[in-house]
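Enquirer: Any chance you can model this:
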Amino acid sequence: MRILVLSDIHANLEALEACLGAAPEHDLVFNLGDIVGYGANPNEVAARVRELGKTFVRGNHDKACSGLISLDGFNPVAGLAAIWTQQRLTQENTEFLQQLPHGPVSPLPHVECVHGSARDEDEYVLVARDAYPLLEQSPVQITFFGHTHIQCGFSRDEEGDLWYTLVPKYTSRTGKQSFKVHLKQKAKYLINPGSIGQPRDNDPRSAFILYDTDDNSITFYRIPYDVPAVQKKILHAGLPDRLAERLAEGR
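Expert: The predicted structure follows:
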C-alpha cells in the first residue's frame, strides 16, 4: 500500500495542486491538519482535501479559523489571517473544520497521525530532545506529525538503543527532488512530511512524503510551485504582506 502524507497546506491551492500532480500513484491520503490559515484559498483547499480521503487530524489553525478556539495565543499576523479566513469560509467548510478529529488517529494498527504530538496536539516537536520521550512512549511503529513546517524525522532503534535524526539530503533547492529512507522493523519513528503551503526549513518548495508499506519505506519529496501567483493572491486579498514575502524564503 502506498500512502500520501500531507500537512500544513494553509490554504495554498497552487502548492497543493503541484504536489498532487507530482505525487506518485497512491492508495490513501493522510492529512495532518492546518488545512487553512495564512493563504487566500481556504474554501477551495477545504473542498479539495475532502475529495482526497477520510483520514484527518485537526490543526491549531483549523480550530482557530472555524471558531473553536480564541486567537489569544496567535501572533498578530496569524491572528489577522485567521479572522480573514473566518469571514470567508462557507458554513459547510466551517462545519467540516469544526468536526475534524483530535489526534492521535490510527488509520493503520502500527501508525498514528497527529498534528503536534500524541500527547498534545499543539506541541512543537522541533529537535531530538522533544522527540525522544515521545518515541519511548509511543505504542506504534510510526507517528506522522506536522505543525513545525520542517521536513524531518526522528527514530529509536531498539537494537542497541540507538537514536537517529532523519534529514532529507537534496542536491539543490530547485526542481522536483526526492529522498528515500528504508525503515527498520524494530525501530520507532516520528516522521514530519513538511509543509505543503508554508515551508519553514529554508526551502520554498512544497513538501510531502510517500509511505510505502510493501517495502517499508518513506520517500520525502520537494516540489516547486508558482510562488509569485500565490503571493499576488495573498496581497490582493488584503492579507498581511509578510505571508506573501516568506513564501519565497521558505521560512
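
Enquirer: Point to the helix or strand of this structure where mean pLDDT is at its lowest.
Expert: None of the helices or strands of the chain scores lower by mean pLDDT, DSSP states H and E than strand 162-166, at a mean of 77.

Enquirer: what's the distance between that strand and the middle of its chain?
Expert: 21 Å (Cα atoms, centre = their mean, to the nearest Å).

Enquirer: Would you agree Ala22 is in contact with Tyr221?
Expert: Yes - here Ala22 reaches Tyr221: they are 7.1 Å apart, a contact under Cβ atoms under 8 Å. Heads up, the C-betas are built off the backbone N, CA and C, glycines and all.

Enquirer: Which positions within the least confident helix or strand of the chain qualify as buried?
Expert: Leu166 (16 or more other Cβ atoms under 10 Å).

Enquirer: Phi, psi for the residue nearest to His110 when sequence neighbours are not counted please.
Expert: Using Cβ to Cβ, 6 or more residues apart in numbering and skipping residues adjacent in sequence, the residue nearest His110 is Gln141, 4.4 Å away. The phi/psi pair for Gln141 (degrees, to the nearest 10) reads phi -70, psi -40.

Enquirer: Spit out the contact partners of Gln141.
Expert: Going by Cβ atoms under 8 Å, 6 or more residues apart in numbering, Gln141 touches 110-111, 183, 187-189.

Enquirer: Do you have the strands of this structure handy? List them.
Expert: 2-6, 28-31, 55-56, 105-108, 111-113, 142-144, 152-157, 162-166, 177-182, 187-192, 206-212, 217-223 (DSSP state E).

Enquirer: Neighbours of Thr143, how many?
Expert: Counted by other Cβ atoms under 10 Å, the residues lying close to Thr143 total 27.

Enquirer: just Ala78 next, same as before
Expert: So Ala78, with other Cβ under 10 Å, has 18 neighbours.

Enquirer: who's in contact with it?
Expert: 37-38, 61, 64, 71 are the contacts of Ala78 under Cβ under 8 Å, 6+ apart.

Enquirer: what do you get for Ser106?
Expert: Contacts of Ser106 by Cβ under 8 Å, 6+ apart are 112-113, 140.

Enquirer: distance of Tyr225 from Cys19?
Expert: Distance, Tyr225 to Cys19, using Cβ to Cβ, to the nearest Å: 8 Å.

Enquirer: Now the common contact residues for the two.
Expert: The contact lists of Tyr225 and Cys19 share Ser206, where a contact means Cβ under 8 Å, 6+ apart.

Enquirer: Give me the more crowded residue out of those two.
Expert: Cys19 (25 against 22).

Enquirer: ok, the more buried one - contacts?
Expert: Here Cys19 is in contact with 6, 196, 206, 208, 221, 223, 225 (Cβ under 8 Å, 6+ apart).

Enquirer: so Met1 makes contact with Asp214?
Expert: Yes - using Cβ under 8 Å, Met1 is in contact with Asp214, at 6.7 Å.

Enquirer: So for those two, which residue has more residues nearby?
Expert: Using other Cβ under 10 Å as the criterion, Met1 and Asp214 rank with Met1 on top: 10 against 7.

Enquirer: Which residue, neighbours along the chain excluded, lies closest to that one?
Expert: Closest to Met1 by Cβ to Cβ, 6+ apart is Thr213, at 4.5 Å.

Enquirer: Repeat that for Val45.
Expert: Val45's closest residue in space is Ala11 (Cβ to Cβ, 6+ apart), at 5.0 Å.

Enquirer: Could you give the number of residues near the one you found?
Expert: 33.

Enquirer: Please apply the same query to the one 5 residues further on.
Expert: For Leu16, the neighbour count with other Cβ under 10 Å is 26.

Enquirer: What of Val29?
Expert: Neighbour tally, Val29, other Cβ under 10 Å: 19.
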